[in-house]
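I would like the atomic coordinates for the input below:
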Amino acid sequence: MRVLRRVIFPIVWVLIFAVIALALVKLAFIDGLRNDGEQLVPQAQIAAPVIAANRATVTNTVELAGTVQSDAAVPVRATAAGKVVFFFVDKGAQLAAGDRILQIRSEVVPDPSTAAATTDDGASADTAKALPAAPSYTYTDVLAPVAGTLETLALLLNQEVSVGDNAGSVSPGTFSITGALTTAQQFRLLGKPATATGTITTGPAPFTCSNVQLGNKKTQDTGGVGASMVPAAMVGPIEPVAPAESGAGQVTCAVPAGTAVFAGLGATITLTAGEAKDVLTLPLTAVKGTVQNGVVWVPAVDGNGVPQERPVVLGLNDGDKVEISSGLAEGEQVLEFVPGMDAAVPNGQMPGIGPMGG
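Okay, here's the model as predicted:
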């Protein structure tokens, strides 16, 4: 043991240190000074994800939040010029469409040629002048434009009116659901559905909502209040306000009579604007454009070239996938994401971070 510890072990350690020293010398003075002209190139390659066009069913269903609103009162207009001589009903009366509300008396101006003809029966001109013609009148009834409650009555007895003057208003007592539409939803509803399904929050069962109307969203005029009410101490650079989404509109549909609702209730409107079964589809992320015409990118045959743009004709889309009417064959592959556009990130997830949790 004494020989092993005093002779063998020291020799082994010397040999180990010698090998390490020789390796360091080789790395520093031999391999480090050698210039073989070789260039390092990355070996890993990132391939753009592709997806194949396949067949599926596209149901163009748009669901949006809305609010129950009372339908606006319908104005009652004078339909003749003259004097109000009679009221058939009082304010607050329940009316059916076409019921009489008031009566207007209009004086008929005699025709001068007719007046001249009355002197041909032998009477003298002096007698004709001495006996003025008795006035004649016509009577016009102003009718209720819709069924409902006579909310206002704007005229008085013996008041002179002209055609088109406001005579009052009739509240129909009906309700509608109104919801806001984004630009993308407006494009999806170009083929306006005739009916929708309305669902009242914590209310009656879903019902068919008729008379679907699409239009521009009404804007409220602030009258410049925001600019005039800024305190003097706060005068300075103001952060720009993001403009509202261009082309935002609204949809309105009628609540069926007899449905228990009241103004201000929350509701959901579901509109179905068509269904295409067993059609060629792609995810919307793979297509630039969502309506009528679009562009897809077909990868190069060798996989290394520049992807080629290809126009396609689009049909229905459901917000996730779109129908490809022409321009692609079934199974043909395209880039899954439009070049230069950010991939869609699920709600609540930060870009670049995968979903968390088990």
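
which residues does the closest residue to Pro172 other than its chain neighbours contact?
Nearest-residue entry for Pro172: Gly148, 4.1 Å, with adjacent residues in sequence omitted and distances by CB to CB, 6 or more residues apart in numbering. Using the backbone N, CA and C atoms, a C-beta is placed for each residue, glycine as well. Contacts for Gly148 were tallied using CB atoms under 8 Å, 6 or more residues apart in numbering; they are Ala73, Val74, Gln94, Leu95, Val170, Ser171, Pro172, Gly173, Thr174.

contact partners for the nearest residue to the last one once chain neighbours are set aside?
This points to Thr174. In this structure, Thr174 finds its nearest non-sequential neighbour in Asp71, 4.7 Å apart by CB to CB, 6+ apart. Listed by CB under 8 Å, 6+ apart, the contact set of Asp71 reads Ser171, Pro172, Gly173, Thr174, Phe175, Ser176, Ala254.

surely the third one forms part of a helix?
Spelled out, it's Gly173. No: secondary structure of Gly173 (DSSP: H, G, I helix; E, B strand; the rest coil): coil, not part of a helix.

I'd say Asp141 and Arg100 touch.
Yes: assessed by CB atoms under 8 Å, Asp141 is found in contact with Arg100 at 4.6 Å.

now do the shared contacts for those two.
What both Asp141 and Arg100 touch, as defined by CB under 8 Å, 6+ apart, is the set Phe88.

what's the closest of the contacts of Gly148 to Gln333?
Set against Gln333, the nearest of the contacts of Gly148 by CB to CB is Thr174 (53.5 Å).

that older thread, and the furthest pair within the contacts of Asp71?
Ser171 and Ala254 (15.0 Å).

C-terminal to the helix or strand of the chain with the lowest mean pLDDT, what's the next element?
Ranked by mean pLDDT, DSSP states H and E, the weakest helix or strand in the chain is helix 225-228, scoring a mean of 42. Remark: after helix 225-228, the chain's next helix or strand is strand 249-254, criterion DSSP states H and E.

give me the helices and strands touching that following strand, please.
In terms of contacts (3 or more CB pairs under 8 Å, 6 or more residues apart in numbering; DSSP states H and E), strand 249-254 is packed against strand 175-181, strand 196-200, strand 207-216, strand 266-283.

and that strand, what's its mean pLDDT?
Averaging pLDDT along strand 249-254 yields 91.

the inter-axis angle of that strand versus strand 196-200?
80 degrees (axes from the mean of the first three to the mean of the last three CA atoms, to 10 degrees).

how far off centre is strand 249-254?
Here strand 249-254 is found 10 Å from its chain centre; the criterion is CA atoms, centre = their mean, to the nearest Å.

tell me the angle it makes with strand 175-181.
160 degrees.

contacts for whichever strand or helix holds Phe86, please.
Using DSSP H and E, Phe86 falls within strand 82-87. For strand 82-87, the external contacting residues (CB under 8 Å, 6+ apart) are 101-107, 137, 139-140, 153, 155-161.

out of the helices and strands packed on strand 249-254, which comes closest to Ala48?
That would be strand 266-283 among those, by CB to CB, at 14.5 Å.

restricted to buried residues, select the contacts of strand 82-87 in ChimeraX.
The ChimeraX command for the buried members of the contacts of strand 82-87 (criterion: 16 or more other CB atoms under 10 Å) is given here:
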select :101,102,103,104,106,140,153,155,159,161
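
where does the stretch 51-200 of the chain have low pLDDT?
For the stretch 51-200 of the chain, residues meeting the criterion pLDDT under 70 lie at 111-133.

for it, which segments are assigned as strands?
Shown for the stretch 51-200 of the chain, the strands assigned by DSSP state E, counting those that start in this stretch span residues 54-70, 74-77, 82-87, 94-95, 100-108, 136-143, 148-153, 160-161, 166-171, 175-181, 196-200.

dump the ones you listed into JSON lines; add distance to Glu323 as well.
Shown next, in JSON lines, are these (distance: least, CB to CB, whole Å):
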{"stretch": "strand 54-70", "distance to Glu323": "5"}
{"stretch": "strand 74-77", "distance to Glu323": "42"}
{"stretch": "strand 82-87", "distance to Glu323": "60"}
{"stretch": "strand 94-95", "distance to Glu323": "49"}
{"stretch": "strand 100-108", "distance to Glu323": "53"}
{"stretch": "strand 136-143", "distance to Glu323": "50"}
{"stretch": "strand 148-153", "distance to Glu323": "44"}
{"stretch": "strand 160-161", "distance to Glu323": "58"}
{"stretch": "strand 166-171", "distance to Glu323": "45"}
{"stretch": "strand 175-181", "distance to Glu323": "21"}
{"stretch": "strand 196-200", "distance to Glu323": "22"}
